[in-house]
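In: next come a sequence and a model predicted from it.
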Amino acid sequence: MLAQACALCAKAARLSARKLTAAPADDLIQEAERIRAEAVSLIDEDPLAYRAVIEQSRRPPGAARDAGLAAALSDAAEVPLRIIELSVPAAGLAAVLAAECKPALRGDVITAGELAGAAARAAAALVAINLAAAPDDPRHARARDMVAAIERELADRGGASR
């Protein structure tokens, strides 16, 4: 979802280059492509991070298993947290472009904003699941705060349909 959002932003920036005033099109394109590339790399990292959870859950019950499983779940929360972190600037790009792109591309960047928001919300659910046994972990609040910031950005800049 996030990679697609960034691809749509890059497309809109390329095709709206002459109309953009908030930032040069090249800067917007480069940022969208940077985020997209990092989001794509996380596709491979996520199953690797979760593999440790599966391995720990197969160990015989006991304190060592419980500690190992807690550590593996904590580590597994990092990939979806990174997705949320990347969704913040992606939603910002979509919001800027929604306000400034060619009118024919506004639907693309509204969709990009919605995809970035959806990626963040889905990733926040995974963070909450992975950290369910650690309710005081500050990453719960961090994930919620970033998702809320994305929603505000899209609403404030007209990049969301809500």
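Out: Happy to help now that I have it. Residues are numbered from 1 along each chain as shown.
In: hey, which helix is longest across the protein?
Out: Secondary structure assigned by DSSP state H gives helix 25-57 as the longest helix of the chain.
In: that one: which residues count as buried?
Out: The neighbour-count check on helix 25-57 (16 or more other CB atoms under 10 Å) flags 25, 28-29, 31-32, 35-36, 38-39, 42, 46, 49-50, 52-53, 56 as buried. To be clear about C-beta, it is placed using only N, CA and C from the backbone, and glycine gets the same treatment.
In: which residues of this protein fall in helices?
Out: For the chain, the helices defined by DSSP H cover 2-15, 25-57, 63-76, 78-100, 106-130, 138-157.
In: how about JSON lines for those, with mean pLDDT added?
Out: Output for the helices of the chain, formatted as JSON lines (pLDDT from 0 to 100):
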{"stretch": "helix 2-15", "mean pLDDT": "97"}
{"stretch": "helix 25-57", "mean pLDDT": "94"}
{"stretch": "helix 63-76", "mean pLDDT": "95"}
{"stretch": "helix 78-100", "mean pLDDT": "96"}
{"stretch": "helix 106-130", "mean pLDDT": "97"}
{"stretch": "helix 138-157", "mean pLDDT": "92"}
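In: which ones are touching the closest residue to residue 69 other than its chain neighbours?
Out: Leaving aside its sequence neighbours, residue 69 sits nearest to residue 56 (CB to CB, 6 or more residues apart in numbering; 4.2 Å). Residues in contact with residue 56 (CB atoms under 8 Å, 6 or more residues apart in numbering) are 65, 68-69, 71-72.
In: and for residue 115?
Out: 1-2, 4-5, 8.
In: mind running it again at 10 Å?
Out: Residues near residue 115 by CB atoms under 10 Å, 6 or more residues apart in numbering: 1-9, 87, 90-91, 94.
In: wouldn't residue 78 be in contact with residue 143 here?
Out: No - using CB atoms under 10 Å, residue 78 is not in contact with residue 143; the gap is 11.3 Å.
In: alright, calling it a day.
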